[in-house]
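Peer 1: here is a sequence with its predicted model. Questions after.
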Amino acid sequence: MILPHVHFQVRVRDDSIEGPNPFKWVERSSASYFDKGRYILFSLPGAFTPTCSTYQLPNFEKLYSEFKELKIKEIYCMSVNDSFVMNAWAKHHDIKRVKMIPDGNGEFTHGIDMLVQKNNLGFGMRSWRYAAIINDNHIEKMLSEPGKEDNVEDDPYNISSPENVMKYLKGEEYVETKMEK
């Protein structure tokens, strides 16, 4: 599956700007993130949420060097949150290597059919939890948690874990969802 062509609004540091808020808006396309190489993209229901903050994001950060040894060009974390939230979340957890992509409008997430309603939790539209191996703007492998549907109470976490992604990349036995077979 080829990735949807989407533009993201990203706040980036600009040292030429003086004052307490030295950031500017930059528009980045999905193609600019995932062109020419093999990448990991993982997405989750929301920044600062328990599973995302306790396990998924920190463990991708912790295993970053091992993923790079497997010829992964970059690791990206995406959420249907704005750039301010994603940047604050990365700063709060001292994330230095995993890069954040704010899909604030959910356009990319919708384009790969991972957008779900989380109105039951007061979240609105959010991403279902998944990890994908992206190769030259194409999804090579999608590791999506089971039970994807609107307003579910469950928030499964196993298939999209960095440990499971690592097993896939090493050619070891890994956990797949039924819809992938």
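Peer 2: Alright, I've got the coordinates. Residues are numbered from 1 along each chain as shown.
Peer 1: touching the one helix or strand in the chain whose mean pLDDT sits lowest from outside, list them.
Peer 2: The least trusted helix or strand in the chain, going by mean pLDDT, DSSP states H and E, turns out to be helix 50-51, with a mean of 90. With contact meaning Cβ atoms under 8 Å, 6 or more residues apart in numbering, helix 50-51 is reached by 44, 129, 155, 157. C-beta: built from backbone N, CA, C; applies to glycine.
Peer 1: do that again at 6 Å, thanks
Peer 2: residue 157 (Cβ atoms under 6 Å, 6 or more residues apart in numbering).
Peer 1: tell me the helix or strand right after that helix.
Peer 2: Using DSSP states H and E, the helix or strand that follows helix 50-51 in sequence is helix 57-62.
Peer 1: return the set of buried residues in the very next helix or strand once past that next one.
Peer 2: On the C-terminal side of helix 57-62, the closest following helix or strand by DSSP H and E is helix 64-69. Residues of helix 64-69 classed as buried by neighbour count (16 or more other Cβ atoms under 10 Å): 64, 67.
Peer 1: and if you look at stretch 132-147?
Peer 2: Neighbour-count burial for stretch 132-147, counted by 16+ other Cβ under 10 Å, picks out 132, 133, 134, 137, 139, 141, 142, 143, 144, 145.
Peer 1: and the two most separated of the residues you listed?
Peer 2: Using Cβ to Cβ, the buried residues of stretch 132-147 span at most 23.6 Å, a distance reached by 137 and 145.
Peer 1: from residue 83, how far out is the nearest residue to residue 30 once chain neighbours are set aside?
Peer 2: Using Cβ to Cβ, 6 or more residues apart in numbering and skipping the chain neighbours, the partner closest in space to residue 30 is residue 6 (4.7 Å). Distance of residue 6 to residue 83, given as Cβ to Cβ, to the nearest Å: 14 Å.
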